[in-house]
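# Here is my input, please return the structure:
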Amino acid sequence: MGTSRGAGVFRATGVLLLQKEAVIDLDLSLLGQYCWGFQVTWTGAFIGLVEAGGGDFLLGYLAAPLRNWEMTAYAVLMQRRVAAKTQCSLLEQVQ
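Sure, this is the predicted structure:
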C-alpha cells in the first residue's frame, strides 16, 4: 500500500511539473492539508512520496492483523458448522 500510494503522489506531482504550460493544480495542492510540507514542487514531490508511503505502510501494518483475525474467526465458524452438520446427519442415520 505504501509503495503504490507514495509513487502515485510522486508521479502525479512530477507529471504536473513536467508540463510546459503547467498551471498549479488546486486539487493536487490540497494534499498539503494532509502531508505536512507538501507543495507542488520537486521538493514537495519527495515529501509526498515519503509521507504518503509511510502513512499507508503504517495503515497496512495495522490493518493486516485485523484482517488475519477476521479470516481465522471465519474459518473456525465454518469448521464448527461443518462439524455440527456432520453430527446431525450421523444422529439421523442412527435413528
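# can you pull out the helices in the chain?
Defined through DSSP state H, the helices belonging to the chain, from first to last, are 2-18, 26-29, 42-94.
# Go ahead and confirm Leu17 touches Gln39.
No: counting by Cβ atoms under 8 Å, Leu17 stays clear of Gln39, with 10.7 Å between them. Using the backbone N, CA and C atoms, a C-beta is placed for each residue, glycine as well.
# Which among the helices of the chain is found nearest to Cys35?
In terms of Cβ to Cβ, the element of those nearest to Cys35 is helix 42-94, at 4.2 Å.
# Show me what the closest one is packed against.
Applying 3 or more Cβ pairs under 8 Å, 6 or more residues apart in numbering; DSSP states H and E, one finds that helix 42-94 contacts helix 2-18.
# Show residues contacting the helix it packs on.
Applying Cβ atoms under 8 Å, 6 or more residues apart in numbering, the set of residues contacting helix 2-18 from outside is 22, 24-25, 28, 31, 35, 40-42, 44-46, 48-58, 60.
# Narrow those residues to those that are buried.
With burial judged by 16 or more other Cβ atoms under 10 Å, the buried subset of the contacts of helix 2-18 is 28, 31, 35, 40, 44-46, 48-53, 55-56.
# tell me the contacts of Phe46?
Phe10.
# can you do 10 Å?
Contacts here follow Cβ atoms under 10 Å, 6 or more residues apart in numbering; on that basis Phe46 touches 6, 9-10, 13, 37-38.
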